[in-house]
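Sequence first, predicted model second:
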Amino acid sequence: MPVSIEDIAKQLLVLLPDDGTPVLNRVMRVMLARALSADIDEARYREARERLSGRGQIGLKQGQGGQVFLLQRGARKPAGRDGEAGAWTEARLMPCLKEYLEGPIRRNLDILRGAKCLTYDTSSLGPTGVQWARPDFTLISVKQFKFLPGIEFDVHSFELKTESGGASDLAVFEALAQTRFTNFGYLVWHLPAGSKYEKKLAGIEKQCSQHDIGFIRARDPKQFDTWDILIEPARKSTPASEIDLFLDERLQEAQRRQIRLLLDGAPA
């Protein structure tokens, strides 16, 4: 029995991020098809979307094929911990993730053990107007071996999400999209113990596994022994030319020089 327009509308509301982050229409159709185990054609999706828009439950944006977002209703959707004073916003989480990438992860992640690494904040670098083109952090790893010739040079992209921001498939798709420029992609989700979003954890973990994306859960941002690597990523077959262009466009000259020195054998 085919899913109804109302079924599509109800599932669309479930999939939209609580914080009002817009989702591309083409991405939402993929998410709906996966959630409902059914093909969602453009006409039926459009009807469900317009039904929700007419009820005042979602908003619509033009450009890039169109986007949808959940309308914020203060009376209906009280702010969670992300919206409270002193909450762990993405801006507050960024220094914690930087410290984690510069230390603990290099001891706990197999593919980084023994590597020399450089970590860069790339959240505000690169072209504007391109969907999901700015990883929050980019990590460069270089391994040299005792007997094998050459080096192993890898680029890792990290997408950071707040407690509410990581609670949808959209977070996984964003981390996945960034691997078009890198060898490995990771989703880092601040999900405290006892969070109301813990019910989403198994689903997000499954999505990361299906797409070979690394998945890191941070319970307490300041206590790195509460950070768990739930899934290690698989290497993507990203063309070397794309990675080279990504580094050239995203990094400053001083950072590019650091990489050249690292490749020449200088300490990280």
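Yes, it's here.

unless I'm mixing things up, residue 93 is touching residue 191, no?
No: applying Cβ atoms under 8 Å as the test, residue 93 and residue 191 come out as separate, 11.6 Å apart. For glycine as for every other residue, the C-beta is placed from the backbone atoms N, C-alpha and C.

list residues touching both of these two?
With Cβ atoms under 8 Å, 6 or more residues apart in numbering applied, the overlap between the contact sets of residue 93 and residue 191 consists of residue 218.

What residues sit buried inside stretch 9-17?
Of all the residues in stretch 9-17, those buried under the rule 16 or more other Cβ atoms under 10 Å are 9, 11-12, 15-17.

Tabulate those residues (JSON lines), appending secondary structure, distance to residue 106 and pLDDT.
Putting the buried residues of stretch 9-17 into JSON lines (DSSP: H, G, I helix; E, B strand; the rest coil; distance: Cβ to Cβ, whole Å; pLDDT from 0 to 100) gives the following:
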{"residue": "9", "secondary structure": "helix", "distance to residue 106": "46", "pLDDT": "92"}
{"residue": "11", "secondary structure": "helix", "distance to residue 106": "40", "pLDDT": "89"}
{"residue": "12", "secondary structure": "helix", "distance to residue 106": "41", "pLDDT": "90"}
{"residue": "15", "secondary structure": "helix", "distance to residue 106": "35", "pLDDT": "85"}
{"residue": "16", "secondary structure": "coil", "distance to residue 106": "36", "pLDDT": "86"}
{"residue": "17", "secondary structure": "coil", "distance to residue 106": "31", "pLDDT": "82"}
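
Among those residues, which one sits closest to residue 206?
Top of the list for closeness to residue 206, among those and by Cβ to Cβ, is residue 15 at 14.9 Å.
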